[in-house]
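> Need coordinates for the following:
(chains A and B)
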Amino acid sequence: MKVVLDHLTKKFPSRNKKTDDEVIAVNDFCFEIPDGKLIGLLGPSGCGKSTALNLISGLLKPTDGRVFFGDDDVTDLPPELRGVGLVFQNYALYPHLTVRENIRFPLENLKGADRPSKEEMERRVKEAADLVQIGQLLERKPSEMSGGQQQRVAIARAVVKMPKVLLLDEPLSNLDARLRLQTREEIRRIQRETGITTVFVTHDQEEAMSISDLIVVMKDGKIHQIDRPQAVYDDPIDLFVAKFLGTPPINVFEGRVKGERLYVGEDCVLETRGVDDRDVWVGIRPEAFTLDAAGPMRCGLVGVEVMGRDSTVIATHPAFTGTNIRAIIPAECAREVGEGAVRFSLKDFKVHLFDRQTEARLRFEVK
Amino acid sequence: MESRENNNLKAWLYLLPAMLFLGVFMVYPLIDVFIYSFEEGYNSASQTFFGVGLYNYSYVLHDPYFLQALRNTFILVIITVPVSTGLALLISVGLNSIKPLRNLFQTVYFLPYVTNTLAVGLVFMILFKPTAYSDGLVNLLIRAFGGKSVDFIEGPYWAKMFVLCFYTVWVVMPFKILILTSALAGVNQDYYNAAKVDGTSSFRIFRKITLPMISPMIFYLVITGFIGAFKAYSDAVALFGTNLNAAEMNTIVGYVYDMLYGDSGGYPSFASAAAIILFAVVLTITCINLSISKKHVHY
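Alright, predicted model coming up:
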């Protein structure tokens, strides 16, 4: 089932009655989630991700705009008639019911012809439990399970009624790092096996990148970019998206374009065609740096962090906006790093220019 | 080792004041009451008694006034505990589901709790007591609907019992509403959202989610409600005056008081025996409550 958001907007009235400024949590969302895909809603805390999710689930009514499931307009339908499964950040498992009763709960709500027989319910509970691999834990109470197991129960409860759309609200943020990695692969597997169109909300860019078919990057209720994870990373539309994706984050420098040459501080690092003379932000991905004794980028050396597979060169530069530049180089090259100073050349396709005022991307051709 | 002994000593030192007061004012009197209840013909002035035995219990259990008090207390408990808890639950759920004026209503429902007992008694007099000038507000209402007026304070037994139950329910409810509204507000909204997305009917949400989630609080209210109702006394006095035996409205605690200080008083042994019987009854009921709760309360 594809999901279409058409100029979806949600405004909340101001808490302060004297001032009249309302909060626009979701501002004019327009996009289509293709059938059977997993889409990641990514943004910093408080950017309206969960509001957007709740608009799709029907728990919130939009101020403006429509929501379509397939060709059906579901904007005015209550959540139970939309056929969505929702997984909460804190799982919201009923603590007084066993795992079996928790998973069966949505089925028991069905009435009339939709209501499956006892045996059918039992079969579907078992099936859902097996899907998330907790088949042997059905008689436990949620409090007797680990966070990861509880999360699986929550997913089983959401998929047992075979929803058209599965919505996951920060499903991994209550898990520890190891479990997070494991559970996110699990979610991907379950989504592939069931083929349910899935919306996944997260503030963790790595999480979103690793499991999504499409990423929606948003901030302050506005969509900044929608694309495949790799495309969003390689080709960010503005400075916010460039900074939000990637660990370690992109290195941002004050730069200047003059006569089709890009200057970072005193260093002329690249030749750029197609950008007028102006001040710019220069975003350089950590992996864009190559050690080069004759390279144009002259940096002060702070140190080298060894990671095993590769090494991080920590350096300084007068035009850098933060404190330390982090450049990732292959481990075997790290031996070449001298003392006091280091010089880099840059891979041009990993260097992005942004307008100093609007922070929009400035595209250039390399000579 | 030494530091542990030191710690132990310190712990006892910290506990000492509380234990001292509890011992002197709670444990010692309790043991004393227990002993009194077996001392036959105890005279508090001369501190003498004839013998030791079960005569006090047998006297109390054969005293028609005690049996009346026992019956009254049981009726009061059986009616007021479920009614007040049920009503409080209903009102709390109602309060929890409205947004505008919620604070106002919460204050209104809490007012009886902070109102003086005598003032409440006065209000109930206006409502129920016939005077030289009027029959009381309730009788006016009954007559307006074509009924016959009833003397609620000095009339038939059922009318007096009704007023006593009504009064008790009204007095104990604010506290229950307070506890239940905060219990309801404490239920995570996500449970309701999850249930809503799954299409759960509101009755089923109440029965399958709300009730189990607040069951510890309900249980707490039932237990304390039982104990409080078994200890009822002042309410009856506020309504019917101090001569409760004559009004057939005495309670067990009232009987104990009468045996000690009332016009027919001066029998601490009988009072002690009655108090021990009350203790046994409350203990039994609480044990039954606890064992039932194991099945139905979800922590």
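> What parts of chain A come near chain B?
Residues of chain A that fall close to chain B, judged by CB under 8 Å from any CB of the partner chain: A:57-59, A:78-81, A:84-86, A:88, A:90, A:92, A:94-97, A:105-106, A:109-110, A:157, A:161. Yep, even glycine has a C-beta here, placed from its N, CA and C like the rest.
> Of those, which belong to strands?
Secondary-structure check on the residues of chain A next to chain B using DSSP state E: residues within strands are A:V84, A:G85, A:L86.
> And for residue 156, nearest residue in space, chain neighbours not counted?
No chain specified, so I'll use chain A. Across the structure, with CB to CB, 6 or more residues apart in numbering or on different chains as the measure, the residue nearest A:A156 apart from its sequence neighbours is A:A128 (4.2 Å).
> Let me rephrase: I mean chain B.
With sequence-adjacent residues excluded and distances taken as CB to CB, 6+ apart, B:P156 is closest to B:V150, at 7.2 Å.
> What is the neighbour count of the one you found?
Residues lying near B:V150 (other CB atoms under 10 Å in any protein chain shown) number 20.
> how about it, phi and psi?
As for B:V150, its main-chain torsions (degrees, to the nearest 10) stand at phi -120, psi 140.
> Please read off the pLDDT at it from the model.
Looking at B:V150, its pLDDT stands at 78.
> Was I right to think it contacts B:L141?
No. Counting by CB atoms under 8 Å, B:V150 stays clear of B:L141, with 11.3 Å between them.
> So the one residue in the stretch 201-350 of chain A that gets nearest to chain B, which state does it fall into?
Using CB to the nearest CB, the single residue of the stretch 201-350 of chain A nearest to chain B is A:V201, 14.2 Å away. For A:V201, the secondary-structure state derived from DSSP: H, G, I helix; E, B strand; the rest coil is strand.
> Count residues in the vicinity of it, would you?
Residue neighbour count, defined by other CB under 10 Å, stands at 25 for A:V201.
> how much space is there between it and A:K49?
As for A:V201, its distance to A:K49 is 4 Å (criterion: CB to CB, to the nearest Å).
> From A:V153, how far off is the residue of the stretch 201-350 of chain A closest to chain B?
Using CB to CB, we find A:V201 at a distance of 19 Å from A:V153.
> what ranges do the strands span in the stretch 201-350 of chain A?
Applying DSSP state E, counting those that start in this stretch to the stretch 201-350 of chain A gives strands spanning A:214-219, A:222-227, A:251-258, A:261-264, A:267-273, A:278-284, A:289-291, A:297-306, A:310-316, A:325-330, A:341-346.
> out of the ones you listed, which comes closest to B:R207?
Nearest to B:R207 among the strands of the stretch 201-350 of chain A is strand A:214-219; the distance by CB to CB comes to 39.4 Å.
> tell me, how many neighbours does the residue in the stretch 51-200 of chain B that chain A sits nearest to end up with?
For the stretch 51-200 of chain B, the residue positioned closest to chain A under CB to the nearest CB is B:G199, at a distance of 2.9 Å. If you count neighbours by other CB under 10 Å, B:G199 ends up with 19.
> ditto for the one 10 residues further on
Neighbour count for B:I209, taken as other CB under 10 Å: 20.
> if I've got this straight, it is in a helix?
Yes. Under the criterion used here (three-state DSSP), B:I209 sits inside a helix.
> my read: it touches B:Q189, true?
No. The pair B:I209 and B:Q189 does not pass the contact test of CB under 8 Å, sitting 11.4 Å apart.
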